[in-house]
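Undergrad: Kindly return the folded structure for what I paste below:
(one chain, ligands or ions: 1)
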Amino acid sequence: MIKVENLLFNYGKKKVFDHFQLNLSGGSIYGILGPNGVGKTTLFQLLSGLTFPNDGRVIVNGHVPKKREEGFYQKMVYLPEDLTTPTVSPYQYVKLLGPMYPNYDEQIFLTYSERFGIDYNQVFNTMSAGVLRKAWLAVVLSYQTPLLMLDEPSKAMDIEGQRLLRKMLLEIQAEGRTIVLSTHHLREMEQLFDHVTIMNETGHVVLSQPVDTLTQDFRTEWIDVKPTSTAVISYERSSRGYLALFKEPSDSGSDIPLELIYNGLTKRKEV
Ligand SMILES: Nc1ncnc2c1ncn2[C@@H]1O[C@H](COP(=O)(O)OP(=O)(O)OP(=O)(O)O)[C@@H](O)[C@H]1O
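TA: As a prediction, this is how the structure comes out:
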């Protein structure tokens, strides 16, 4: 579904991607994680044809995004982190643009709006940050595209909004559609991910694999004292002691907190 090969991308002299690779097959919820400024938003813009690679190959849903074909935009939706604030209401907006998407359903827009508790007749540019995000989510989810790319979808949202968002995304995934999302709200969102991709400070992919295979590569162990061994790639402190992460296969299949893996691979040792 998404294939990126040898991607090179610069903003002027600033190199963002240097031989970047990514391969996501579809039908799952993919988490894209990385520190501020590594290029997650730029990657979404490249995947949605809003900006073009300097070199390399980008294929999304069988299309080259750079070509900006109509058929490409009918099958995907990209909700950016920085939302626009048109001077129309969400309802006016979907009435106008919804019919461009073959699976758009006005009733679904109304249902999502109701579930989020938003007033779909309120003009976008009068909304608070969290309500604005809920309104845009109701809009883009109503398009019912096979692929959704969501940059920080839970940003500014209240706790109930985040819970509803997780529920909606799981419903969409259960329909066999694909969601690619970036987030810094790792603890709140990690339970959604079928697959996780972690980029480090230099914009390189340091991990990209199904979440249920992580125990083949990592294990955790409770330790009483602060870990000093170099075999411990990250740890977190709690009332039970220190939960240490090792880059070694695990004997048990128990879940490993993604934040520990993220910190271990992006060089922050202590959580
Ligand atoms: N229009 C632009 N012109 C020049 N540099 C840019 C532009 N947009 C982004 N950058 C730079 O490109 C790099 C990647 O930015 P990007 O917004 O893709 O990162 P990000 O991973 O999404 O960050 P965050 O987690 O803070 O949202 C950063 O160093 C940023 O300063």
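
Undergrad: residues contacting the nearest residue to Gly117 once chain neighbours are set aside?
TA: Take Gly117 and drop its neighbours on the chain: the residue closest to it by C-beta to C-beta, 6 or more residues apart in numbering is Lys134, 7.7 Å away. (C-beta placed from N, C-alpha, C; glycine too.) By C-beta atoms under 8 Å, 6 or more residues apart in numbering, the residues touching Lys134 are Phe116, Gly117, Ile118, Met157, Gly161.

Undergrad: interface residues of the stretch 101-250 of the chain facing the ligand?
TA: Contact residues, the stretch 101-250 of the chain versus the ligand (C-beta under 6 Å from any ligand atom): none.

Undergrad: Spatially, what comes nearest to the most centrally placed residue in the chain if we skip its sequence neighbours?
TA: In the chain, the centroid-proximal residue (C-alpha atoms, centre = their mean) is Leu181; its distance is 1.3 Å. In space, Leu181 comes closest to Leu150 once its chain neighbours are excluded; the distance is 4.3 Å by C-beta to C-beta, 6+ apart.

Undergrad: thought the one you found was touching Leu79?
TA: Yes - counting by C-beta atoms under 8 Å, Leu79 is a contact partner of Leu150 at 5.0 Å.

Undergrad: Name the nearest of the contacts of Lys134 relative to the ligand.
TA: Of all the contacts of Lys134, Met157 has the smallest distance to the ligand: 16.1 Å, by C-beta to the nearest ligand atom.

Undergrad: what about Glu70, neighbour count?
TA: A count of nearby residues for Glu70, using other C-beta atoms under 10 Å, gives 7.

Undergrad: Roughly how far does it sit from His184?
TA: Plainly put, Glu70 is 34 Å away from His184 if you go by C-beta to C-beta, to the nearest Å.

Undergrad: Name the residues that touch the lengthiest helix in the chain?
TA: As assigned by DSSP state H, the longest helix anywhere in the chain is helix 159-174. The contact list for helix 159-174 (C-beta under 8 Å, 6+ apart) reads 27-29, 112, 115-116, 130, 133-134, 137, 141, 148, 153-154, 157, 179, 181, 185, 188-189, 191-192, 194.

Undergrad: Sort out for me which of these are in helices.
TA: Those of these lying in helices (DSSP H): Tyr112, Arg115, Phe116, Gly130, Arg133, Lys134, Leu137, Leu141, Glu188, Met189.

Undergrad: For stretch 19-36, list every residue counted as buried.
TA: Within stretch 19-36, the residues that count as buried by 16 or more other C-beta atoms under 10 Å are Phe20, Leu22, Leu24, Ser28, Ile29, Tyr30, Gly31, Ile32, Leu33, Gly34, Pro35.

Undergrad: so which of these comes closest to the ligand?
TA: Nearest to the ligand, judged by C-beta to the nearest ligand atom, of those is Gly34 at 5.5 Å.

Undergrad: That closest one: what's it in contact with?
TA: By C-beta under 8 Å, 6+ apart, the contact set of Gly34 is Lys40, Ser182, Ile198, Met199, Asn200, Gly203, Thr266.

Undergrad: neighbour-wise, which of the residues you listed leads?
TA: Met199 (25 neighbours).

Undergrad: picking up where we left off before, spatially, which two of the buried residues of stretch 19-36 are the most separated?
TA: Farthest-apart pair in those is Ser28 and Pro35; separation 23.7 Å (C-beta to C-beta).

Undergrad: right, and Val64 touches Gly56 too?
TA: No - Val64 lies out of contact with Gly56 (C-beta under 8 Å); the separation is 11.3 Å.

Undergrad: Which parts of this protein are helices?
TA: Along the chain, the segments classed as helices by DSSP H run 40-47, 70-75, 90-97, 106-116, 129-142, 159-174, 186-189, 258-265.
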